Each structure stands twice: as structure tokens, then as C-alpha cells.
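# just coords:
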């Protein structure tokens, strides 16, 4: 069942990212949905920084590289941005699902709808009416909850 959280600012987004990171497991496929500027990259950055235990870690957007790999705390983390994909089939060339123990964070998953059936965590980011803050709606397919 999806649960929504209001994130008033960057600090609230980072705190939410830390709570999400705490419930993630190796092998999770996390789909980050939302319009431009909705906070998908900020959330992914916060998750990666939490796992690395480094709040200042450089976590560039994978917009041009498409996939940015990390090794943090013994985890392989793949942060992907599919915005520039021309066809859904191109996602196979990225190798996102080859390592079944990798945590995979995917921005713009609507560019490769076949990923949805394999997702374990769905997070929809939205800008509320009025433009203040962000709303994050999270659904975890196996019933895990954010603490």
C-alpha cells in the first residue's frame, strides 16, 4: 500500500532518503518517478550518501553517463537515469539487472516500462500545488516499511 510523505526542504529529503536506505536490501530495484525538478536525483543522492556513511560524498547525476556505479559499504549500487533512452529495449544494454545483488536506483523508469514488473520499491516524487516542498509516495512490494 503506497504511503505519502511531505518533504518540506532539502534536509527533510535527506532524512527521508536515510530512512529509505535503512530498509533497502541488496538486489532491490528502486524506481524513482516524477517530473523534472521533483527531487528524484536528490533522493537517490541521499540514499547513496547514507549507504556510504558520507554526507558530503560526490554523487553526480548520471544524466549523460546513463549509469553511475558505486561500491559503498560492501554494496554495489547502480544509479541510472533513463531520460535519454530512445527506445525501451536500450535498457538491456546498460546491464542494470546483471548483478542480482546490486542495489539499482532508476530515474525516469517510464522510459523502460519492462522494469516495473521487477521493481521492489516504487517512489513517486511530486511538487505539491504552490511549489513548496515535495511529496514522496513510496510503495514496497514485499511489505517492508520505512522506520
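That came through, no problem. Because the structure is a prediction, the values reported are computed rather than measured.
# tally up the residues packed near the spatially closest residue to residue 114 that is not a sequence neighbour, please.
Leaving out its chain neighbours, the residue that sits closest to residue 114 by Cβ to Cβ, 6 or more residues apart in numbering is residue 88, at 6.3 Å. Placement of C-beta: from N, CA and C, glycine included. Using other Cβ atoms under 10 Å, residue 88 has 14 other residues around it.
# quick one: contacts for residue 88?
If a contact means Cβ atoms under 8 Å, 6 or more residues apart in numbering, then residue 88 has 111, 112, 113, 114 as its contacts.
# sketch out the low-pLDDT regions of this structure for me.
147 (pLDDT under 70).
# hey, where'd the strands end up in it?
3-7, 29-33, 67-72, 75-81, 103-107, 121-126, 134-140 (DSSP state E).
# turn the ones you listed into a markdown table, columns for distance to residue 47.
Below are those laid out as a markdown table (distance: least, Cβ to Cβ, whole Å):
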| stretch | distance to residue 47 |
| --- | --- |
| strand 3-7 | 13 |
| strand 29-33 | 8 |
| strand 67-72 | 10 |
| strand 75-81 | 8 |
| strand 103-107 | 6 |
| strand 121-126 | 10 |
| strand 134-140 | 12 |
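# could you single out the most deeply buried of the ones you listed?
When these are scored by mean count of other Cβ atoms under 10 Å, the highest mean neighbour count falls to strand 103-107 (a mean of 26).
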